[in-house]
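In: sequence? don't have it. structure:
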């Protein structure tokens, strides 16, 4: 399935079509409309879009960024566009698809390259001036000026996905050939699967989800509510779904 991109102003109802950058100036031809796989994410200022295009076999494989509004909030049409769409990542392995999503708190853009048996996740910090309290100063320096960061390089038969929680990644993975997903964590800015540590239960000695047959892990959602002053709460709450004993 191929999708065409449009932008609509919620209050005024004004609508704009996104054109393929190769088509030059805006025309009335529908063949010039920008086509993508339907994965679209706004940046934090809502003036740029991240989108994914497909190759000739309809495999999502390239991530682009396009600025569509200028500093005054005016639409940038094809005639006034000063720069081409920025290619951020290309997945060249034909067994892998590229998908994008946003972290639940909106701070990170996730770029997931995955096949049936392996995955690799990159991220972009959409709020680089907003530092997590639990992120170390050395990691903050490492992230400064960084655009696209890989959490862990792909390995054969290793799948993983991540959730952001106050300066940490909560990693759900089958690393080690596990029958189910285990739950691990590392600090944002640390890279490589070697940095992943088990998330322990209340007894601080037993992994909460070890990937065994007794308990399976389906998903993790983290809530970090705002205080009355609109600042993040010092407490975060995670909802974990799965099944146990069956």
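Out: Nice, thanks for sending it over. Only a predicted model underlies this, so the values are computations on that prediction, with no experimental measurement involved. Residues are numbered from 1 along each chain as shown.
In: tell me where the model's unsure across the chain.
Out: 1-2, 21-33, 78-83, 131-146, 226-234, 246 (pLDDT under 70).
In: try it again at 80.
Out: Low-confidence regions of the chain, defined by pLDDT under 80, span residues 1-6, 9-11, 13, 16-35, 77-84, 129-146, 203-204, 224-236, 246.
In: mind listing the helices for it?
Out: Shown for the chain, the helices assigned by DSSP state H span residues 137-143.
In: which residue is nearest the middle of it?
Out: By C-alpha atoms, centre = their mean, the chain has its centre lying nearest to residue 110, at 1.2 Å.
In: surely that residue and residue 123 touch.
Out: Yes: Residue 110 is within contact range of residue 123, at 5.5 Å (criterion: C-beta atoms under 8 Å). For glycine as for every other residue, the C-beta is placed from the backbone atoms N, C-alpha and C.
In: could you list every residue that touches the residue nearest to the centre of the chain?
Out: With contact set as C-beta atoms under 8 Å, 6 or more residues apart in numbering, residue 110 has these partners: 100-103, 121-123, 162.
In: could I get the residues you listed as JSON lines with neighbour count and distance to residue 88?
Out: Formatted as JSON lines, the contacts of residue 110 follow (neighbours: other C-beta atoms under 10 Å; distance: C-beta to C-beta, whole Å):
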{"residue": "100", "neighbour count": "21", "distance to residue 88": "10"}
{"residue": "101", "neighbour count": "14", "distance to residue 88": "15"}
{"residue": "102", "neighbour count": "16", "distance to residue 88": "15"}
{"residue": "103", "neighbour count": "17", "distance to residue 88": "17"}
{"residue": "121", "neighbour count": "20", "distance to residue 88": "14"}
{"residue": "122", "neighbour count": "20", "distance to residue 88": "9"}
{"residue": "123", "neighbour count": "23", "distance to residue 88": "11"}
{"residue": "162", "neighbour count": "24", "distance to residue 88": "18"}
